[in-house]
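Engineer: heads up, no residue letters with this:
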């Protein structure tokens, strides 16, 4: 059997970091607003005629071969997410697993979560385990926490699972996703996405902010209360198609987020935002936890190409901002099992 799966990354517009348990419990009405984009993490899984487990990361140019699942369980791996997921799904035969991603490393687009979801979907299919999307979300979230060894947020798992534009509501009675009925074409012509070329470590940035909140840092708690209010307003502005308000809220979210931790912005990010204002940028914010990675720019209609050109001249890598209407996709073919590691 050969199984192929893919899941989209996301751009977060408002409410990030508040989605980490238990931070949102201290901010009634907490939610995050994000959009799935056509930038995919993918995996291909092939069953083998022997017991070998072969893990291949095309992006990291790594390949590891283990004689059996027991051999994998006793050994250290340079691909810990793949290892932990294979161990969880407990395949009864050998597998070749190859992963790839269109998401730049450290981009802040939830690329690792998208790959996580794609792997869960593919492994569930190839091992015959019946998993709902809710179950896949729980598995992916918990396994990622095991790998990065710090708490993970909720928002990164909904776009790769469901696609589209979402508001993730975070409350005492649980976490729920609301699919936002926004005109995708109107959104796409107003946003530009650019990778700065400087990767960031979201786990570290989020952990520093989370610790400050738990330690009751008055400044951080106040900022998060403001970010929570902005996310609520962002949802309403998107649904109302009030693009001027969306731009104002995006800028306000960024100003409050920068106050949480000194490493969230970088000189290059600041230069990109300021330099492109004359080309048409209305507002911008870093994606994810910051410290590098991608920046999402909201621009005046008709200026998208000019802003993208300016960012390219500054050394940025423009990523196509197109909304993925669908989330996780899994397909399977019956093929002869392989015998040798590739």
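Structural biologist: Sure thing, it's come through. Keep in mind that this is a model prediction, so the values were computed, not measured. Numbering: from 1, shown residues only.

Engineer: for this structure, what helix or strand is lowest in average pLDDT?
Structural biologist: Here the helix or strand of the chain ranked lowest by mean pLDDT, DSSP states H and E is helix 202-214, holding a mean of 72.

Engineer: Show me what the following helix or strand past that one is packed up against.
Structural biologist: Moving toward the C-terminus from helix 202-214, the first helix or strand encountered (DSSP states H and E) is helix 218-240. Judged by 3 or more CB pairs under 8 Å, 6 or more residues apart in numbering; DSSP states H and E, helix 218-240 is in contact with strand 2-14, strand 31-47, strand 165-171, helix 202-214, helix 243-258. In short, each C-beta sits where N, CA and C put it, glycine included.

Engineer: what's helix 218-240 in contact with?
Structural biologist: Contact with helix 218-240 is made by 13-18, 23, 26-27, 29-33, 165, 167, 178, 180-182, 209, 212-213, 243, 245-246, 249-250, 252-253, 256-257, 259-260, as judged by CB atoms under 8 Å, 6 or more residues apart in numbering.

Engineer: Quick check: mean pLDDT of it?
Structural biologist: Average pLDDT, helix 218-240: 93.

Engineer: Would you mind listing the buried residues in that helix?
Structural biologist: Neighbour counts over helix 218-240 (16 or more other CB atoms under 10 Å) mark 220-221, 223-235, 237-238 as buried.

Engineer: And the spatially most central residue of the chain, how close does it get to residue 32?
Structural biologist: By CA atoms, centre = their mean, the mean C-alpha position of the chain lies nearest to residue 110, the distance being 1.4 Å. Residue 110 sits at a distance of 11 Å from residue 32 (criterion: CB to CB, to the nearest Å).

Engineer: anything in contact with each of these two?
Structural biologist: Jointly contacting residue 110 and residue 32 under the rule CB under 8 Å, 6+ apart are 12, 155.

Engineer: ok, now which ones touch the residue nearest to the centre of the chain?
Structural biologist: 9, 10, 12, 103, 155, 156, 159, 160, 288.

Engineer: about what we covered before: so which of the helices and strands packed on helix 218-240 is the most packed in?
Structural biologist: Highest mean neighbour count of the helices and strands packed on helix 218-240: strand 2-14, a mean of 27 (counted as mean count of other CB atoms under 10 Å).

Engineer: in its sheet, what does it sit against?
Structural biologist: strand 31-47 (antiparallel), strand 329-333 (antiparallel) (DSSP bridges).

Engineer: quick one, which of those strands is nearest to residue 86?
Structural biologist: Closest approach to residue 86 among the strands paired with strand 2-14 (CB to CB): strand 31-47, 9.7 Å.

Engineer: Helix or strand next in line after the closest one, which one?
Structural biologist: strand 53-57.

Engineer: residues making contact with that next one?
Structural biologist: Contacts with strand 53-57, where a contact means CB under 8 Å, 6+ apart, come from 48, 62-66, 68-69, 71-72, 77, 79, 82-83, 86, 91, 94-100, 341-342.

Engineer: Now, these that are in helices?
Structural biologist: Using DSSP state H, 69, 71, 72, 82, 83, 86 are the members of the contacts of strand 53-57 that sit in helices.

Engineer: which among those gets closest to residue 128?
Structural biologist: Among the ones in helices among the contacts of strand 53-57, and counting by CB to CB, the member closest to residue 128 is residue 86, at 14.8 Å.

Engineer: Quickly note the distance from the closest one to residue 133.
Structural biologist: Taken as CB to CB, the span from residue 86 to residue 133 is 20 Å.

Engineer: higher neighbour count, those two?
Structural biologist: residue 86 (24 against 15; other CB atoms under 10 Å).

Engineer: Walk me through the domains of the protein.
Structural biologist: As assigned by automatic domain parsing, the chain contains the domains 2-177+325-333, 181-319.

Engineer: Select from those domains the stretch with the lowest mean pLDDT.
Structural biologist: When I compare the domains of the chain, domain 181-319 is least confident, with a mean of 90.

Engineer: Can you measure across it, start residue to end residue?
Structural biologist: 24 Å (CA to CA, to the nearest Å).

Engineer: Select only the buried ones of the contacts of strand 53-57 in PyMOL?
Structural biologist: This is the PyMOL syntax for the buried subset of these, where burial follows 16+ other CB under 10 Å:
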select buried, resi 48+63+64+66+69+72+77+79+82+83+86+91+94+95+96+97+98+99+100+341
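
Engineer: I'd assumed residue 331 was in contact with residue 5.
Structural biologist: Yes: counting by CB atoms under 8 Å, residue 5 touches residue 331, with 7.5 Å between them.

Engineer: ok, residue 315 to residue 83 distance?
Structural biologist: 35 Å.

Engineer: That should have said residue 294, apologies.
Structural biologist: In terms of CB to CB, residue 294 sits 27 Å off from residue 83.

Engineer: ok, now residue 56?
Structural biologist: 13 Å.

Engineer: tell me which element residue 310 falls in.
Structural biologist: Judged by DSSP H and E, residue 310 forms part of helix 304-313.

Engineer: Residues in contact with that helix: which ones?
Structural biologist: Helix 304-313 has contacts (CB under 8 Å, 6+ apart) with 189-190, 192, 194, 272, 275-276, 279-281, 297, 299, 318.
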